[in-house]
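Q: Quick one, fold the following:
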Amino acid sequence: MSTLTPHRADPPATRWRLGWALLCAWRGFALVFLSIPALALFITCVVFMALLPIGVGLLFFFPLMLLLRATANVTRSAMASWAHVPIGTPYRRLPAGGGVTGLWARTKRMITEAATWRDLLWALLYLPSSLLIACFPMLLIVNGLHGVLMPFLWEVAYRHVDDAQWYTFIKVNSVQRAGLAVPWGLVQVAAGLALAPWFARVNGLWNRSLLAPTKQAELALRVQHLTESRTDAVDASAAELRRIERDLHDGAQARLVAMGMNLGAAEALMKTDPDAARVLLAETREASAKALHELRDLVRGIHPPVLSDRGLADAVRAVALESPLDVNVNVSLPGRPELPLESAAYFAVTEVLTNAAKHSGGRHVEIDLTYTDGTLRITVTDDGEGGADLMKGTGLRGIQRRLDTFDGTLALHSPVGGPTTVIMELPCDLSSRKTSPF
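A: Residues are numbered from 1 along each chain as shown. Alright, predicted model coming up:
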């Protein structure tokens with residue numbers, strides 16, 4: 001994930017408030033302006049789909065469907081934030097490749113996906129459904145205001161018109177008859193305001209019935225996600241093994257070889273030049289201390305002992321103490337996750353903290369570890385300059401790949417000027433807290 005989940009600042013749809021009701025009615029009216037391009041895209045997509053056999057449609061159908069998917073995604077976001085009806089994205093990753101072959105592979109994938117046909121059906125029905133459902137409260141309110149203003153309109157515009165005016169079922173041919181429209185108009189305004197939140201919810205559910213992924217699509221997306229996360233996990237493990245091999249070869253192994261050579265030389269000089277032998281032995285002792293230190297660092301990089309002994313909370317506190325930044329750690333964990341997931345969470349926090357120290361330009365970092373509803377949630381916030389981008393650099397993407405192995409998610413919010421907030425969530429079960437003798 002590249003963005004944070006929007007905070008639900010709006011009151012719930014079941015709670016009637018004047019401002020909230022007006023907002024719901026206005027949002028429903030605004031959706032009509034999104035449904036018009038959706039209908040235009042439906043028409044053009046169908047036309048160029050029919051032209052696919054002669055090759056002309058191949059050049060236009062794919063980009064037009066991408067625009068239609070973007071329009072559908074805007075509606076998904078609107079339903080999630082406006083109607084509090086989250087709608088998942090059903091699209092699988094499109095095949096890569098350039099040229100006509102790659103374009104045909106992507107077009108073929110789109111045509112064979114059920115999500116494409118559901119998007120087309122949604123685009124066809126979006127305008128009438130918006131007019132019937134989303135706009136209905138606003139139409140009631142506008143028509144009600146027309147009735148409330150009918151006495152004024154009679155005096156200004158309708159008095160000099162020969163034909164009688166009709167306001168719904170009320171025939172307006174005098175100022176007294178115009179006054180009868182006022183209470184009926186007020187009833188319509190009140191009805192529109194009362195119905196607006198409910199109709200927003202109904203409209204969200206209607207759009208979800210067409211835009212949400214089907215069971216087959218969810219299964220396909222799940223298989224694709226597991227395949228990609230498994231590949232990433234294998235690649236990450238291979239890269240980690242290569243790193244360990246390189247560190248051993250260039251560090252501890254080289255020192256051990258040098259120690260062996262020094263001991264052989266010291267043994268040869270023991271009788272002829274004891275002073276030189278003692279110098280070599282001192283160098284060997286110093287090299288052994290450095291080799292031991294490197295081995296400890298290597299072990300800590302694989303799986304730090306404090307993580308096994310004391311758990312995630314104390315391991316994160318230990319990392320915070322070693323950081324050059326002022327780090328405050330807040331922990332609310334009733335137990336410990338499984339060791340592999342605990343290790344992934346630990347190294348993810350370590351990487352985020354390292355990135356903050358190197359690139360944020362801040363001085364203070366706040367780390368919160370909480371567990372609610374079967375999810376381990378880790379929030380890291382720094383007071384740096386912001387501007388971090390999940391798509392730039394490899395650090396955050398590496399963390400995301402690490403979390404993907406455990407079905408975890410990463411969300412980043414980093415406006416220019418800061419602060420930067422990284423939220424990592426890992427679904428897991430916690431064991432009972434281990435009692436430490438310390």
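Q: how about the helices of this structure, start to end?
A: Along the chain, the segments classed as helices by DSSP state H run 18-50, 56-82, 99-112, 114-129, 136-148, 150-153, 175-211, 215-247, 253-269, 274-302, 305-310, 312-322, 339-355, 395-404.
Q: Buried residues of the last one, list them for me.
A: Of the residues in helix 395-404, those buried under the neighbour-count criterion (16 or more other CB atoms under 10 Å) are 395, 396, 398, 399, 400, 401, 402, 403, 404. Placement of C-beta: from N, CA and C, glycine included.
Q: need those residues in a markdown table with distance to residue 214, can you?
A: Output for the buried residues of helix 395-404, formatted as a markdown table (distance: CB to CB, whole Å):
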| residue | distance to residue 214 |
| --- | --- |
| 395 | 36 |
| 396 | 32 |
| 398 | 33 |
| 399 | 31 |
| 400 | 27 |
| 401 | 28 |
| 402 | 30 |
| 403 | 27 |
| 404 | 23 |
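Q: give me the number of residues near residue 115?
A: Applying other CB atoms under 10 Å, we find 21 residues neighbouring residue 115.
Q: List the buried residues of stretch 340-353.
A: Neighbour-count burial for stretch 340-353, counted by 16+ other CB under 10 Å, picks out 341-353.
Q: swap that for stretch 55-74, sorry
A: 57, 58, 60, 61, 62, 64, 65, 68, 69, 71, 72.
Q: any idea of the mean pLDDT for that stretch?
A: Mean per-residue pLDDT for stretch 55-74: 88.
Q: just stretch 277-291 next, same as before
A: 77.
Q: who's in contact with it?
A: If you take CB atoms under 8 Å, 6 or more residues apart in numbering as the criterion, stretch 277-291 is touched by 251-252, 255-256, 258-259, 262-263, 265-267, 269-270.
Q: Residue 381 touches residue 362, doesn't it?
A: No. Using CB atoms under 8 Å, residue 381 is not in contact with residue 362; the gap is 9.4 Å.
Q: Find residues that contact each of these two.
A: 419, 420.
Q: In CSV, list the buried residues of stretch 340-353 along with distance to residue 175 and pLDDT.
A: CSV is the format used below for the buried residues of stretch 340-353 (distance: CB to CB, whole Å; pLDDT from 0 to 100):
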residue, distance to residue 175, pLDDT
341, 76, 83
342, 79, 84
343, 81, 82
344, 76, 83
345, 74, 86
346, 79, 85
347, 79, 84
348, 73, 86
349, 74, 88
350, 78, 85
351, 76, 85
352, 71, 88
353, 75, 88
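Q: returning to what we had before: can you convert the contacts of stretch 277-291 into TSV and add a column each for neighbour count, distance to residue 21 and pLDDT?
A: Listed next are the contacts of stretch 277-291 as TSV, based on neighbours: other CB atoms under 10 Å; distance: CB to CB, whole Å; pLDDT from 0 to 100:
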residue	neighbour count	distance to residue 21	pLDDT
251	17	68	65
252	18	70	67
255	21	74	71
256	15	76	73
258	14	79	73
259	19	80	76
262	20	84	73
263	14	86	78
265	16	89	79
266	20	89	77
267	12	92	76
269	17	94	78
270	14	95	78
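Q: can I get those residues in a markdown table with distance to residue 201?
A: Formatted as a markdown table, those follow (distance: CB to CB, whole Å):
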| residue | distance to residue 201 |
| --- | --- |
| 251 | 62 |
| 252 | 63 |
| 255 | 68 |
| 256 | 69 |
| 258 | 73 |
| 259 | 73 |
| 262 | 78 |
| 263 | 79 |
| 265 | 83 |
| 266 | 83 |
| 267 | 86 |
| 269 | 89 |
| 270 | 89 |
